[in-house]
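In: dropping the sequence and predicted coords here.
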Amino acid sequence: LTANFSSQIGTIRSDFYGVNDGFIMMSNLTYIDTDGDNVVDTLGDYQFYRNALLNSGIKSVLLWVDLTSISLGEGLWNSTKINKIKNEIEFLNNNNKTIILNLRGGIPIYLRNITSPYCNSTYYSSCPPNDTTKFVELYENLINNITNNGENNYSMKLELWNEPYSSSWLGNLSNQTLKGVELAYYFSMLYNNLTTKYPFLEVGGCAFFYVHPNITSGFLSSLTSDIDFISIHPYDYGLSNSLIQLSSYNSLIANCSAYGVDCGYVMLSEWTLGTSALQNYSWLQNQYGMSWANSYQSLLNNYPSNISSVGFQLATYGPYGTIYYTGYKYHWISQAGVDTASNVYYIPYNITKNFANLCPAGGTVYQSSSDDSTIKTVSCKKGNQRSFIVINTDTSSKNVTVNLTNSGITTLTNYLDNSETFTASGSTNIGIMDSYDIKYLTEDLQSPTITINSPTASTYSTTNIDFNITLDEEGSWCGYSLDGASNISM
């Protein structure tokens, strides 16, 4: 491996690392199911979820707002659900997190144009609105409720719609291109009104998916407003990681360019990796962790300044295997009593936390390379601290050497185990990496703490005095100087 700390790729966005908290688990008003009976009757341990977020380095959080369940009629709202959302928003705002509201669920009952041929009679929420003025007012009233009539100008983004290629939007319209054209009409209407009335908001959408490219093309070709960000759901369901997140981004940018739309900021607003086997079986967990790390390195090494990555998802409010998500263990963490007897942090959380600490928001990504295509690496710097993350994507072990010539780095430390250090001198061997192994290496800029156990600050009456000192980390040399004389090795 070679890292070139004189050649920058870009600065990591302040909101690069994000997580989907669709179930609003960090609110003190969220109830959960702890006994698997599919009844949410226990107040969740919101402090556990809050502390996990604050300790993770994650900068942005996406919340679901289901318009069909939160709106009870024109100007009427479900106060319990509104207050639950407001409680988490206040916490996020107080801790300088970027808030993303995904406004989903379709059209509330009073606004549905059920005579439209685009309606699905079994899913009327997919109908277009029957009154465009009231349609805009629906969103304005919601923002007023959440922001105290705009006085609380949170750092907030609105993601309009959720996966509109499905039956949730114009369910009877099979032509995906035309569906995108209709979507652009209503999006532009909302964008122009909301950004004028609430200038602190960023408004984007619409959670597209690479499997349905025609709706994206129809949307981009018909957009008549600006768009602050465009969002996609680049899920990858394969057993091996094919870097769908990166290829989806590249395809989207090509599409944006074709239609002259500025897509300088793209939000990967919902994604995860792997089949149920990869996510749930303990004997595949190393491969699962490698897949998450591989996706992160691919995004950081190409577009660190242009992407927000919002992983799916922080937690669910019921045990794995119930009606909440029966096929996949999607969540990142879980409080005691839901999945296990104690609090648990799953692989996606731990991988994200490690990346967010070594390649943090506001840090810089530098060029790095490998002469083995199965060994991936990303090199980052924040302040004076330089770090490497090395990923073995192969099914066999590899002996890895890092070329640090002219880097100025003298010592590397294993971020997860500071007892493992490497003295840097040109080509530095960091050892054998097992299949799917990840090494987090950081420059050691912290001097060791020296504790002098003997001699103590006292008077000695003997000519033989023991020297005994302790370091808080492994040292390469130790010595002393007495009365200003030359150093003597110990």
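Out: Yep, it's here. Numbering: from 1, shown residues only.

In: got the contact list for the nearest residue to residue 271 once chain neighbours are set aside?
Out: Nearest residue to residue 271 in three dimensions, chain neighbours excluded: residue 234, at 4.9 Å (C-beta to C-beta, 6 or more residues apart in numbering). (Glycine included, C-beta is placed from N, CA and C.) By C-beta atoms under 8 Å, 6 or more residues apart in numbering, residue 234 lies in contact with 209, 210, 244, 245, 248, 249, 268, 271.

In: helices and strands around the lengthiest helix in the chain, which ones?
Out: Determined from DSSP state H, the single longest helix within the chain is helix 176-197. If contacts are counted by 3 or more C-beta pairs under 8 Å, 6 or more residues apart in numbering; DSSP states H and E, helix 176-197 sits against helix 132-147, strand 156-160, strand 201-208, helix 213-222.

In: the residue lying closest to residue 334 once chain neighbours are set aside: neighbour count?
Out: Closest residue in space to residue 334, ignoring its immediate chain neighbours: residue 344 at 5.1 Å, by C-beta to C-beta, 6+ apart. By other C-beta atoms under 10 Å, the residues close to residue 344 number 15.

In: dump the residue contacts of residue 266.
Out: Counting by C-beta under 8 Å, 6+ apart, residue 266 makes contact with 229, 230, 231, 232, 249, 252, 253, 303, 306, 307, 308.

In: how near is the nearest residue to the fourth one once chain neighbours are set aside to residue 163?
Out: Right, the one you point to is residue 232. Closest residue to residue 232 apart from its sequence neighbours, by C-beta to C-beta, 6+ apart: residue 208 at 5.0 Å. Separation of residue 208 from residue 163 (C-beta to C-beta, to the nearest Å) stands at 8 Å.

In: try residue 258
Out: Here residue 258 is placed at a distance of 22 Å from residue 163 (C-beta to C-beta).

In: higher neighbour count, the two?
Out: residue 163 (17 against 11).

In: can you count the residues close to the residue nearest to that one when sequence neighbours are not counted?
Out: If you skip the residues right next to it in sequence, residue 163 has residue 207 as its closest partner in space, 5.1 Å away by C-beta to C-beta, 6+ apart. Neighbourhood size, residue 207 [other C-beta under 10 Å]: 22.

In: and if you look at residue 70?
Out: Neighbourhood size, residue 70 [other C-beta under 10 Å]: 21.

In: report the contact partners of it.
Out: 77, 78, 81, 82, 105, 142.

In: and for residue 236?
Out: By C-beta under 8 Å, 6+ apart, the contact set of residue 236 is 242, 243, 244, 245, 271, 272, 273, 274, 291, 295.

In: so which of the residues you listed are in helices?
Out: Filtering the contacts of residue 236 for helices - DSSP H - leaves 244, 245, 291, 295.

In: dihedrals phi and psi, the closest residue in space to the second one that isn't next to it in sequence?
Out: The shortest distance from residue 245 to any residue that is not its chain neighbour, by C-beta to C-beta, 6+ apart, is 4.5 Å, and that residue is residue 234. According to degrees, to the nearest 10, the main-chain angles of residue 234 amount to phi -90, psi 70.

In: use 15 as the first number from now on
Out: Fine by me, first position is 15 from now on; the one you just mentioned is residue 248.

In: separation between residue 248 and residue 294?
Out: Here the distance between residue 248 and residue 294 works out to 21 Å (C-beta to C-beta).

In: need phi/psi at residue 435.
Out: phi -130, psi 160.

In: how many neighbouring residues does it have?
Out: 17.

In: where's the nearest residue to it once chain neighbours are set aside, which helix or strand?
Out: Nearest non-adjacent residue to residue 435, counting by C-beta to C-beta, 6+ apart: residue 427, 5.1 Å away. Assigned by DSSP states H and E, residue 427 belongs to strand 425-428.

In: adjacent strands (with direction) for that strand?
Out: strand 431-437 (antiparallel), strand 452-457 (antiparallel) (DSSP bridges).

In: what about it, average pLDDT?
Out: Strand 425-428 comes out with an average pLDDT of 90.

In: which residues sit against it?
Out: When contacts are defined by C-beta under 8 Å, 6+ apart, strand 425-428 is touched by residues 402, 416, 418, 434-438, 442, 444, 453-458, 487.

In: list the buried residues in that strand.
Out: Under the neighbour-count criterion of 16 or more other C-beta atoms under 10 Å, strand 425-428 has 425, 426, 427, 428 buried.

In: look over the contacts of residue 84 and name the one with the lowest pLDDT score.
Out: Out of the contacts of residue 84, that is residue 119, at 89.

In: nearest residue to it other than its sequence neighbours?
Out: residue 80 (3.7 Å).

In: test my guess that that neighbour contacts residue 116.
Out: No - the pair residue 80 and residue 116 fails to qualify as a contact (C-beta atoms under 8 Å) at a distance of 9.3 Å.

In: what about those two, which has more around it?
Out: A direct count of neighbours by other C-beta under 10 Å for residue 80 and residue 116 places residue 116 higher, at 24 against 18.

In: that one contacts residue 78, doesn't it?
Out: Yes - under the contact definition of C-beta under 8 Å, residue 116 touches residue 78, with a separation of 5.3 Å.

In: what do these two both touch?
Out: Counting by C-beta under 8 Å, 6+ apart, the shared contacts of residue 116 and residue 78 are residue 36.

In: from one end of stretch 404-417 to the other, what's the distance?
Out: Length of stretch 404-417, first residue to last, C-alpha to C-alpha, to the nearest Å: 13 Å.

In: what mean pLDDT does it get?
Out: For stretch 404-417, mean pLDDT rounds to 96.

In: report the buried residues of that stretch.
Out: Residues 404, 405, 406, 407, 408, 412, 414, 416, 417 are the ones in stretch 404-417 that count as buried (16+ other C-beta under 10 Å).

In: let's see which of those residues end up in strands.
Out: 404, 405, 406, 412, 414, 416, 417 (DSSP state E).

In: format the helices and strands packed on helix 190-211 as CSV; extra columns: distance to residue 391.
Out: CSV is the format used below for the helices and strands packed on helix 190-211 (distance: least, C-beta to C-beta, whole Å):
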stretch, distance to residue 391
helix 146-161, 42
strand 170-174, 31
strand 215-222, 31
helix 227-236, 32
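
In: out of the ones you listed, which comes closest to residue 480?
Out: Closest approach to residue 480 among those is made by strand 170-174 (63.3 Å; C-beta to C-beta).

In: doesn't residue 78 belong to a helix?
Out: No - with DSSP: H, G, I helix; E, B strand; the rest coil as the criterion, residue 78 is located in strand rather than a helix.

In: quick one: low-confidence parts of the stretch 15-164 of the chain?
Out: Along the stretch 15-164 of the chain, no part satisfies pLDDT under 70.
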